[in-house]
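>>> With the input below, show me the fold.
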Amino acid sequence: MKIRERVNLAAGILFTLIVGTLLHFTYGWSGENPFVALYSPVNESVWEHLKLLFFPVLLYTFFEIIVLYKTSGQFLTSRLLAVCVGMFFIASSFFTYTGLLGRDFLVLDILIFIFSVLLTFFLSRYFEVRCPGLRLPLMAVYVLLLLIVICFFSFTFAPPELPLFTPPT
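Purely as a prediction, here's the structure:
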């Protein structure tokens, strides 16, 4: 991997860790502003905490598209798939360990978030370099990203009665 690619990978990881951590608090800091609720967790449900990964990764991906001109279908497909795997890892890890231990632990939640960020960026890079046939049409990637964003926005204000959307007790 070239130095520039390593720096970009490290910058993406660091950016997502910092912005994702700050997003955890922005809804409260904003006085519970409904606009901020769209991209920041409004409660302690797993669904809301997926925003901590998804939106910083999306924002960093926009940076890569605009500044680094990474616009290939392979790059965007890789990033989309990787962030979906990262979000799945958060949900599955949380429900697995809380099911086994009977409660949640802040330290484990933080470690899951850190690992999901690393997983997302390393998988994205792996898919981009090692899976040349992994490519959706750009329009399909944009539509899928838009659908995920719409789900986040919709389920923030009207969450279904499912464990993923219910804050732990």
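
>>> What ranges does this structure have for its helices?
Per DSSP state H, the chain has helices spanning 3-29, 34-37, 46-67, 73-101, 106-130, 138-157. These are given in chain order.

>>> Which among those helices is found nearest to Thr166?
helix 46-67 (8.6 Å; C-beta to C-beta). Glycine gets a C-beta too; all of them are placed from N, C-alpha and C.

>>> In the closest one, which residues are buried?
Under the neighbour-count criterion of 16 or more other C-beta atoms under 10 Å, helix 46-67 has 46-58, 60-61, 64 buried.

>>> so which of the helices of the chain gets nearest Thr169?
Per C-beta to C-beta, nearest to Thr169 of the helices of the chain: helix 73-101, 10.6 Å.

>>> could you say what helices and strands the closest one packs with?
Helix 73-101 is packed against helix 46-67, helix 106-130, helix 138-157, with contacts defined by 3 or more C-beta pairs under 8 Å, 6 or more residues apart in numbering; DSSP states H and E.

>>> Where does pLDDT dip in the protein?
Scanning the chain for pLDDT under 70 picks out 1.

>>> Nearest to Ala11 among the buried residues of helix 46-67?
Tyr60 (7.9 Å).

>>> how close does Phe165 sit to Ile65?
The spacing between Phe165 and Ile65, counted by C-beta to C-beta, to the nearest Å, is 31 Å.

>>> same question, Val36
Taking C-beta to C-beta, one finds Val36 at 24 Å from Ile65.

>>> Cool, thanks, signing off.
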